[in-house]
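# structure of the sequence below:
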Amino acid sequence: MNTGGGDAPGLNAVIRAAVLSALKEGWRVFGIENGYGGLLADEPGEVVPLDREDVRGITHRGGTILGTSNRGNPFAWPTTGPDGSTVDIDRSDEILEAFREHELDALIAIGGDGSLQIACDLARKGLPVVGVPKTIDNDLEATSLTFGFLTAVETATDAIDKLHSTAESHRRVMVVEVMGRHAGWIALFSGLAGTADVILLPEIPYDIELVAEKILERERRGRTFSMVCVAEGATPIDGEAVTKAVPRGTGSQTRLGGVGEVIAQQLAERTGKEARSLVLGHLQRGGTPIAYDRVISLRFGAAAVRCVARGDFGSMVSLDPPEVRAVPLTEALASRKQVPVDGDAVATARALGVSFGD
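Residues are numbered from 1 along each chain as shown. Reported below is the predicted structural model:
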């Protein structure tokens, strides 16, 4: 098995359940370190045997004992060219060859949409794969929940709760930026739970003038502070998502991020109030998974082994309450699960007076 993409609370619980379930079947279990890197001789990582002692006491631990990578796509592996530039090459055949050389019979691939797309592409080339859905963004359509999401919501809600007191004390506008590139589930759930006054989502383009009016309306009612929760992929009606350059190796890469700071500045200009921003960033990925995420992770890991036992390859385990079932990877990746703008959660927020800037 391997873990790919960004880390999420619950990865180690999936690994533990899969290892123990497979050992009960009488199988040998191996972990591929560093995504797919452990299968490539010139990359860091190895293929390591896993037994009971290796997974003892890891259910509650954040991160992943196997390590992970968000740069490890074997179909577009970054390699330094003759002129020193970085070029992407297809190393998928090397992955299949290494899989055979290690005499492995099946792969449990734990990851989000990007990692599972790699698993799906490898399955098309004949690799026996079962996927496990992991993303704090909760944006995989074929499963009711992805593990790690609710822990990320808990982390964001706790931050919003703590910021309330300082916002009220200083009569400030506090803007909290949470993860969510294309789907605003974390912002919506944590904003609702933390009683934010404004929630900005990728699914609902916002008008900064309407957001400012919400702040001023509260001011007129004697509410001298406001809380704004914004997903990193939120987009103004007349513009594009905010991006920034971040260091990557010897160069840099453009990524989403910075919208919270932009909104805080715009609100300060339009309302005359002091506005501060906070980016939670990777805090949402780290730490101990809450009990519900642990249970989902353990169920997913055990279900993935059952899929292997049935020979149900090219599939992904999925939470379809109250059961965990298998769905084809192609179906799981067919569309992204975004917040329904006319759904119950958004309607609830509007009924409570929350502004979405629209």
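# residues contacting A196?
160, 176, 190, 227-229, 354 (C-beta atoms under 8 Å, 6 or more residues apart in numbering). Any C-beta I mention is one placed from the backbone N, CA and C, and that applies to glycine too.
# helix or strand for it, just tell me which one.
Counting by DSSP states H and E, there is no helix or strand that carries A196.
# before we move on, what about F313?
Using DSSP H and E, F313 is not contained in any helix or strand.
# ok, it touching V129?
Yes. F313 is within contact range of V129, at 5.9 Å (criterion: C-beta atoms under 8 Å).
# how much space between the closest residue in space to A13 that isn't next to it in sequence and I186?
Leaving aside its sequence neighbours, A13 sits nearest to S297 (C-beta to C-beta, 6 or more residues apart in numbering; 3.6 Å). According to C-beta to C-beta, to the nearest Å, S297 stands 18 Å off from I186.
# that older thread, the residue nearest to A13: neighbouring residues, count only.
Number of residues near S297 (other C-beta atoms under 10 Å) recorded here: 28.
# quick one: stretch 209-222 to chain centroid distance?
33 Å (C-alpha atoms, centre = their mean, to the nearest Å).
# oh, and call the first residue 29 from now on, that's how I've got it
Sure, I'll start counting at 29 from here, so that last one is stretch 237-250.
# how about that stretch as PDB, C-alpha atoms only?
What follows is stretch 237-250, C-alpha atoms only, in PDB (Å, rounded to 0.1, in the frame of the first residue of the first chain):
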ATOM      1  CA  GLU A 237     -19.300  45.500  -1.800                       C
ATOM      2  CA  LEU A 238     -22.000  43.200  -0.400                       C
ATOM      3  CA  VAL A 239     -19.500  41.700   2.100                       C
ATOM      4  CA  ALA A 240     -18.600  45.200   3.300                       C
ATOM      5  CA  GLU A 241     -22.300  46.100   3.500                       C
ATOM      6  CA  LYS A 242     -22.800  43.100   5.800                       C
ATOM      7  CA  ILE A 243     -20.000  44.400   8.100                       C
ATOM      8  CA  LEU A 244     -21.500  47.900   8.200                       C
ATOM      9  CA  GLU A 245     -25.000  46.500   8.800                       C
ATOM     10  CA  ARG A 246     -23.700  44.700  11.900                       C
ATOM     11  CA  GLU A 247     -22.000  47.900  13.000                       C
ATOM     12  CA  ARG A 248     -25.300  49.800  12.800                       C
ATOM     13  CA  ARG A 249     -26.900  47.200  15.000                       C
ATOM     14  CA  GLY A 250     -24.100  47.600  17.600                       C
END
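# per-residue confidence averaged over that stretch?
Here stretch 237-250 scores 94 as its mean pLDDT.
# repeat for stretch 312-323
Per-residue pLDDT over stretch 312-323 has a mean of 92.
# ok, and what's touching it?
Stretch 312-323 is contacted by residues 34-38, 41, 87-91, 164, 175-180, 182-184, 206-207, 214, 325 when judged by C-beta under 8 Å, 6+ apart.
# in strands only, show me the residues you listed.
If you go by DSSP state E, the contacts of stretch 312-323 have V206 in strands.
# and the host helix or strand of R128, how far out from the chain middle?
Assessed by DSSP H and E, R128 sits inside helix 120-129. Relative to its chain's centre, helix 120-129 lies at 28 Å (C-alpha atoms, centre = their mean).
# quick check: next helix or strand after the helix or strand of the chain with the lowest mean pLDDT?
Within the chain, no helix or strand scores below strand 279-284, which has a mean of 64 by mean pLDDT, DSSP states H and E. The helix or strand immediately downstream of strand 279-284 is helix 287-299, counting by DSSP H and E.
# my guess is G38 meets G176, correct?
Yes. Using C-beta under 8 Å, G38 makes contact with G176 at a distance of 5.1 Å.
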